[in-house]
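Trainee: what follows is a predicted structure for the sequence shown.
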Amino acid sequence: MKTLRNEVFGYVRDRFGTEPEYLWQTDPNFAVLRRGGNKKWYGIIMDIPRSKLGLSGEEKVDILNIKCGPQLLGSFLAQEGFHPAYHMNKSHWLTVRLDGSVSSDQIFGLLEMSYELTKSGKESL
């Protein structure tokens, strides 16, 4: 199974100084991406059964949940590789499959947006 999980981890480490946090013993592959200053989550990577996204099959797929402006959600959801947020607020979060259906460049741009959306008023990049 192709996954962009490690590319995402490398990007956020280099760009934001973020190391993934593994918070749940029951889900050891779930990794939170958190801002350094205000500790807000700007992403979470999970491996979930494809069926949870409305896809056929029970094999697991890596996904990335990112914060997204509500006005942009519809345009992303119309594209391959994007889904309503899994286990997050569907009005403000978006799920992106990390199986190659979305390019790494587009994912990196979305991470930038999510990071920006989760900053507090006093923070900047």
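Mentor: All right, it came through fine.
Trainee: quick check: mean pLDDT of stretch 77-96?
Mentor: Across stretch 77-96, pLDDT averages out at 89.
Trainee: and for stretch 112-119?
Mentor: If you average the pLDDT values across stretch 112-119, you get 94.
Trainee: okay, buried residues for it please.
Mentor: 112, 113, 114, 115, 118 (16 or more other Cβ atoms under 10 Å). (C-beta placed from N, C-alpha, C; glycine too.)
Trainee: would you turn those into CSV with secondary structure?
Mentor: Compiled in CSV, the buried residues of stretch 112-119 are given as follows (DSSP: H, G, I helix; E, B strand; the rest coil):
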residue, secondary structure
112, helix
113, helix
114, helix
115, helix
118, coil
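Trainee: include distance to residue 65 when you put these into JSON lines, please.
Mentor: Converted to JSON lines, the buried residues of stretch 112-119 look like this (distance: Cβ to Cβ, whole Å):
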{"residue": "112", "distance to residue 65": "15"}
{"residue": "113", "distance to residue 65": "13"}
{"residue": "114", "distance to residue 65": "9"}
{"residue": "115", "distance to residue 65": "13"}
{"residue": "118", "distance to residue 65": "12"}
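Trainee: I'd like to know which of these is nearest to residue 47.
Mentor: Checking those against residue 47 by Cβ to Cβ gives residue 114 as the nearest, at 19.4 Å.
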